[in-house]
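1. quick one, structure for this:
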Amino acid sequence: HAFDASINANGTPTATSGDEIYAFMRNKAIESGLNQVANPEYEHKYFVDGDLAVADVYDGTNWKTVLVGTMGRGGPGVFALDVTDPEDVEFLWELDEDDIADLGHNIGRPVIAQVANGDWRVVFGNGIDSEDGDASFITIDVFDGDVTSTQLDDGPTNGLSAVLARDTNSDGLADTVYAGDLEGSMWKITAVSGTPSGTRIFAAEDDAGNPQPITAAPLVGRDPATLTTWVFFGTGKYLNEDDLVDTQQQSWYGIKDIGTEAVRADLVQRSVLAVGTIGDFTVRTVSEGTAAEVATKDGWFMNLPVQKERMVVPNRFQGSSLIGTTRIPDASDACRPSGRGFIMAIDPFTGGRLPQTFFDANRDGVFNDGDELNGVIVSGLGIDSSPNNPIFIENVMQFSKDDGNTDAVRVQGSNAEARRASWREIMRQ
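-> Model prediction:
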């Protein structure tokens, strides 16, 4: 569905605000038992449940606005619409497992990117529960629906999760994609515009050597001090009823992408040191870390300390801090089966705690030792109902919770020293 979002100059709704402009229903959804919705004994099932991506693309003559969506938990399927003119939406294409043999249930947002001059593509992982259970990288031409599928790893229980596309040489084209799979492999995919090629840069395993599933898109950033590219992600699944009771150890990782496969034995381990209470929050502190400790290592990792704790949403940067959100399901609580979780903030390039207070944990409006736990900077806020990824508006962190409520906490960014970064002579006398 698409709705009129117009407002008046003073910010009030117009007479048509909220009206439906158009709706689109995939053939696959209609064929998947949609008529059962009218049955009084109907039990909920997913139909079109995937994330939507919208981007402006150039067809060689005109710029167009294209919307791409998937069926998500509703089944294998992906579709594209030209929504340039909301009054005249054009259908582009729809594909399912009959068109793409490797296609499963896509659990992340597809990415629309220009991968070569004039070549705009939808890029995504094949998702879970495909017919052969392989991990495959899929690209689709935005305009004509032409498909390229590249198998990265065998099944039968694998699948490539959400992807992150990156321009590594600053030419405006997405040339590299990163994505994890259900068997714990983190992949770097190159030659996106031609015949894609995948290289495993890390295999996530718990302390017992069991693969840890990766279901969220990774985050990639460069250390400004060394210019090394890092990949950040957490592990764990939250896709079906079995996951509610899964007790496998899950972890948080920061991995260097330096051309060779990183190994867990060559990562610096960080840990949650203490848990306590400040004001309304359960809080955590984590290890201190230094750049020197990771300088000759492949990165860092932190085991999530609570049984069933996992990371199933992407990390994000807030200033120079790395933000990670965890979920701790509780199937025994019928009123709150999604459980609780933590919002964590650490140094991305050491994996240790930040050098200054980030959260206003006691909500008094100032950042001081009242926000510390026994004199140690807090690195995590416990949320009583599983939190979704936070958003940041200036110095306020806002987040929604699975119980339908929202909350907000003040945060403090980095105290960067003001200085001249460069200069340029523009006129010479």
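
2. what about residue 260, how many neighbours?
-> Neighbour count for residue 260, taken as other CB atoms under 10 Å: 10. Yep, even glycine has a C-beta here, placed from its N, CA and C like the rest.

3. and it, what's its pLDDT?
-> At residue 260, the model reports a pLDDT of 96.

4. mind checking the SS state of it?
-> For residue 260, the secondary structure call by DSSP: H, G, I helix; E, B strand; the rest coil comes out as coil.

5. quick one, what contacts it?
-> Contacts for residue 260 (CB atoms under 8 Å, 6 or more residues apart in numbering) come out as none.

6. from residue 298, how far off is it?
-> Remark: distance between residue 260 and residue 298 (CB to CB, to the nearest Å) = 8 Å.

7. quick one, helices of the protein?
-> Along the chain, counting by DSSP state H, helices occupy 27-31, 291-294.

8. mind listing what's buried along the first one?
-> Residues of helix 27-31 classed as buried under the neighbour-count rule (16 or more other CB atoms under 10 Å) are 28-29.

9. with stretch 122-142 instead?
-> Neighbour count says stretch 122-142 has 122-130, 133-142 buried, by 16+ other CB under 10 Å.

10. for stretch 158-167, same thing?
-> In stretch 158-167, counting by 16+ other CB under 10 Å, buried: 158-166.

11. residue 272 reaches residue 309, doesn't it?
-> No. In this structure, residue 272 is not within contact of residue 309 by CB atoms under 8 Å, at 10.0 Å.

12. what pLDDT does the nearest residue in space to residue 125 that is not next to it in sequence get?
-> Nearest residue to residue 125 in three dimensions, chain neighbours excluded: residue 160, at 3.1 Å (CB to CB, 6 or more residues apart in numbering). On the pLDDT scale, residue 160 is placed at 98.

13. next: residue 426.
-> 45.

14. kindly report the same for residue 309.
-> pLDDT, residue 309: 98.

15. so it versus residue 91, what's the distance?
-> With CB to CB as the criterion, residue 309 and residue 91 are 43 Å apart.

16. okay, these two: which has more neighbours?
-> residue 309 (23 against 10).

17. the more buried one and residue 250 touch, don't they?
-> Yes. Applying CB under 8 Å, one finds residue 309 in contact with residue 250, separated by 6.3 Å.

18. name the residues contacting each of the two.
-> Listed contacts common to residue 309 and residue 250 are residue 236; contacts here mean CB under 8 Å, 6+ apart.

19. show me the shaky parts of the stretch 301-429 of the chain.
-> Of all residues in the stretch 301-429 of the chain, those with pLDDT under 70 make up the ranges 332-337, 414-429.

20. the strands in the stretch 101-250 of the chain, which residues?
-> Here the stretch 101-250 of the chain has its strands, by DSSP state E, counting those that start in this stretch, at 111-116, 119-125, 135-141, 147-153, 160-166, 176-181, 185-190, 197-203, 219-222, 229-234.

21. out of these, the one nearest residue 325 is which?
-> Distance to residue 325, taken as CB to CB, is lowest for strand 229-234 among these, at 8.5 Å.

22. pretty sure residue 364 sits against residue 370.
-> Yes. Contact status for residue 364 versus residue 370: in contact at 6.3 Å, counting by CB under 8 Å.

23. got phi/psi on the residue nearest the centre of the chain?
-> Central residue of the chain (CA atoms, centre = their mean): residue 314, 2.7 Å from the mean position. The phi/psi pair for residue 314 (degrees, to the nearest 10) reads phi -70, psi 150.

24. mind listing what it touches?
-> Counting by CB under 8 Å, 6+ apart, residue 314 touches 162, 164, 216-219, 233, 389.

25. cool, and residue 279?
-> Counted by CB under 8 Å, 6+ apart, residue 279 has contacts 361-363.

26. likewise residue 186?
-> Contacts here follow CB under 8 Å, 6+ apart; on that basis residue 186 touches 178-180, 200-204, 214, 218, 231, 233, 255.

27. ok, now with 7 Å
-> With contact set as CB atoms under 7 Å, 6 or more residues apart in numbering, residue 186 has these partners: 178, 180, 201-202, 204, 214, 218, 231, 233, 255.

28. so what's it closest to, chain neighbours aside?
-> residue 202 (4.4 Å).

29. I'd guessed the one you found sits against residue 258; true?
-> No. The criterion here is CB atoms under 7 Å, and residue 202 misses it with residue 258 at 11.1 Å.

30. more neighbours: which of these two?
-> Using other CB under 10 Å, the more surrounded residue of residue 202 and residue 258 is residue 202, with 26 against 13.

31. now the more buried one: how far from residue 222?
-> Distance, residue 202 to residue 222, by CB to CB: 17 Å.

32. repeat that for residue 175.
-> Going from residue 175 to residue 222 by CB to CB gives 15 Å.

33. between those two, who's got more neighbours?
-> Higher neighbour count among residue 175 and residue 222: residue 175, with 18 against 13, using other CB under 10 Å.

34. please name the residues that touch that one.
-> By CB under 7 Å, 6+ apart, residue 175 lies in contact with 167-169, 190, 192.

35. any quick ChimeraX command for the buried ones out of those?
-> Of those, the buried ones can be selected in ChimeraX as follows, counting by 16+ other CB under 10 Å:
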select :192
